[in-house]
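J.: pasting the sequence and the predicted model now:
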Amino acid sequence: EICCFPLKRDWIVQAPLIGTRKHETHLEEYCQLTSIACKRQSEGGTGFKAKQLKLLEAKQVSQKTVDRAILRFIVQGLQSFSLVETPSFQDLIAELQPSSAVMSRTTVRRKIDSATSKMKECLKNEMKKVPYIATTTDCWTARRRSFIGVTAHWLNPCSFERRSAALACHQLRGSRTFDALAAVLTDIHAEYEISLKVVRTTTDNGSNFVKAFRVFGEYCDASDGEEEVEFMDVEAILEEDDGLQYQLPKHHRCACHVLNLVSTVYVDRANKTEAYKKLSRSAFSKCQALWNKASRSPQNAELIEKHCKLHLVQPNSTRWNSELLETKERGEYVTTMSPVVKSLNILQGEVNIHMGWLFPTITTLTTKLEKSRPSLRFCKPLVDALLEGLRKRFVSMMSEPELIAAAILVPRFKTSWTSNDTVLHLGKENVCCFVLFLNTALPASAACERLFSIAGLLFTPRRGSIHSQNFENQILLKLNKDFMTFD
């Protein structure tokens, strides 16, 4: 006989001696249950009440924790500082934490200024640990104000991992002349103490950027700039000094911007062939008619969605590949332009892309276009125009030994991307001891354009009067959250 003594009743279990293992298992489970029950009774209540008490205690947080949560919400959500003074937000905090107060807008601004200063110090300490840094820069205009954005990129010397950070989003006042851009870039590099570490700066083909690096940079890029008019300030020219105070690093033209020029300016030259011009204009005029119908009338858009189960993608004048996405059913045109789009998507990367990806990508694109040409019936002039643009726009880059060496140093490519012995000889001379130096830079300035994408979400019409310093602080804290701490 086995006697069990639970909390209120006694149980006697009678069983034969055969199979005593079951009895032992029963006793073990019973002892566990009774020990838990006794422990709960000794704590002065049922287990349910004890758990509920712990949950209520977990809700109690300090005022400092509430302030940090509010600041993170404002920064990461790109919220206005005046949010803390709205009755609905104050009611929300009062319901969640009745004992906590909501800071004022002035306090929010002061704490964000303090957090920005600490973030910059943390960022400077991080960049002191690496030997080489690359930057990207671009200009942006919105709400009748101009800004210049700068991002920094480096490789971890041990893991070869790509790290990135936003350095600035300054407001530009006055004309965006080449010397004004050089002055701002020099000041930003000096502020973060990286003037001697920057190996390359990637920009678009804007004439002002090109001239700034041609005059104040380490070397002259021989390729043609973007075909645009540069407006000069006569008074500034008369008062111009020798500019020795501005020291800029080597310049690299954004490969994606160059490909965009090839895909627009040079593609238009294919229209010189009458047969291609006739077919192209006929096809695109029909597409344009559909785009116009869909954009001007909601009923037409609903009709297209009903029968085709999709919405028509509207072409964007600043992104020609949106036109390809919309015309993806047009056989030969897609066959010709798809490799260009894939090359753009590769070069626009930021995390897993190094400078060594530039030459293999452009070389592969050229090879694919050359191989596709014999099988084309209508788009041969288009291929010829693309090849002409690639040769002209990338000719100066393709002869630069450092960029060749950067491609050779990428294990995925090595020397498989070209069979030109002259090119390989130029690169191999620069291979030794240059792994980090050559691959720190990015082939495109898309990282800086992403900075402006975030800025556009913050700089809305309702916040058009935000102070430029508050605007920059919020952008930098949003993008550099890995280096950010709040008191």
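T.: Alright, I've got the coordinates. Residues are numbered from 1 along each chain as shown.

J.: could you report the neighbour count for residue 370?
T.: The tally of other residues near residue 370 (other CB atoms under 10 Å) stands at 11. Any C-beta I mention is one placed from the backbone N, CA and C, and that applies to glycine too.

J.: now do the SS call for it.
T.: helix (DSSP: H, G, I helix; E, B strand; the rest coil).

J.: how much space between it and residue 384?
T.: The gap separating residue 370 from residue 384 is 10 Å, by CB to CB, to the nearest Å.

J.: shaky segments in the stretch 1-150 of the chain?
T.: Low-confidence segments of the stretch 1-150 of the chain (pLDDT under 70): 1-24, 26-27, 30, 32-59.

J.: where do the strands sit along it?
T.: 2-4, 11-13, 133-142, 145-155 (DSSP state E, counting those that start in this stretch).

J.: tell me the helices and strands packed up against the third one.
T.: Going back to what we said before, that points to strand 133-142. Helices and strands touching strand 133-142, by 3 or more CB pairs under 8 Å, 6 or more residues apart in numbering; DSSP states H and E, are strand 145-155, helix 178-191, strand 198-203, helix 446-458.

J.: follow-up on the earlier one: output the strands of the stretch 1-150 of the chain in CSV; the columns should cover mean neighbour count and distance to residue 366.
T.: Output for the strands of the stretch 1-150 of the chain, formatted as CSV (neighbours: other CB atoms under 10 Å; distance: least, CB to CB, whole Å):
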stretch, mean neighbour count, distance to residue 366
strand 2-4, 12, 85
strand 11-13, 10, 86
strand 133-142, 22, 25
strand 145-155, 22, 27
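
J.: Throw those strands into TSV and include distance to residue 401, thanks.
T.: Shown next, in TSV, are these (distance: least, CB to CB, whole Å):
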stretch	distance to residue 401
strand 2-4	87
strand 11-13	89
strand 133-142	18
strand 145-155	20
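
J.: who wins for proximity to residue 169 among the ones you listed?
T.: strand 145-155 (4.9 Å; CB to CB).

J.: for the helix or strand following that closest one, name the packing helices and strands.
T.: The first helix or strand that comes after strand 145-155 along the chain, using DSSP states H and E, is strand 162-172. Counting contacts by 3+ CB pairs under 8 Å, 6+ apart, strand 162-172 is packed against helix 105-127, strand 145-155, helix 178-191, helix 446-458, helix 468-479.

J.: could you give me the buried positions within strand 162-172?
T.: Using 16 or more other CB atoms under 10 Å as the burial criterion, the residues of strand 162-172 that qualify are 162, 163, 164, 165, 166, 167, 168, 169, 170, 172.

J.: run the chain-centre distance for that strand.
T.: Relative to its chain's centre, strand 162-172 lies at 11 Å (CA atoms, centre = their mean, to the nearest Å).

J.: any idea of the angle that strand forms with helix 446-458?
T.: Strand 162-172 runs at 60 degrees relative to helix 446-458, counting by axes from the mean of the first three to the mean of the last three CA atoms, to 10 degrees.

J.: which residues touch strand 162-172?
T.: 123, 126, 135, 139, 145-156, 180, 184, 188, 191-192, 350-354, 447, 451, 455, 468, 471-472, 475-476, 479-480, 483 (CB atoms under 8 Å, 6 or more residues apart in numbering).

J.: could you rerun that using 7 Å?
T.: Outside strand 162-172, the residues that touch it by CB atoms under 7 Å, 6 or more residues apart in numbering are 123, 139, 145-156, 184, 188, 192, 350-352, 447, 451, 455, 468, 472, 475-476, 479-480, 483.

J.: do stretch 94-113 as well
T.: 61, 63, 66-67, 70-71, 74, 81-82, 84-85, 90, 93, 470, 473-474, 477, 486-487.

J.: do that again at 10 Å, thanks
T.: Residues from elsewhere that reach stretch 94-113, judged by CB atoms under 10 Å, 6 or more residues apart in numbering: 59-71, 74-75, 79-86, 89-93, 467, 469-470, 473-474, 476-477, 486-487.

J.: circling back to that earlier point, as JSON lines, the helices and strands packed on strand 162-172 with distance to residue 198 would be great.
T.: As requested, those are arranged in JSON lines below (distance: least, CB to CB, whole Å):
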{"stretch": "helix 105-127", "distance to residue 198": "10"}
{"stretch": "strand 145-155", "distance to residue 198": "8"}
{"stretch": "helix 178-191", "distance to residue 198": "6"}
{"stretch": "helix 446-458", "distance to residue 198": "14"}
{"stretch": "helix 468-479", "distance to residue 198": "18"}
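
J.: buried residues, stretch 98-110. List them.
T.: 100, 102, 103, 108, 109.
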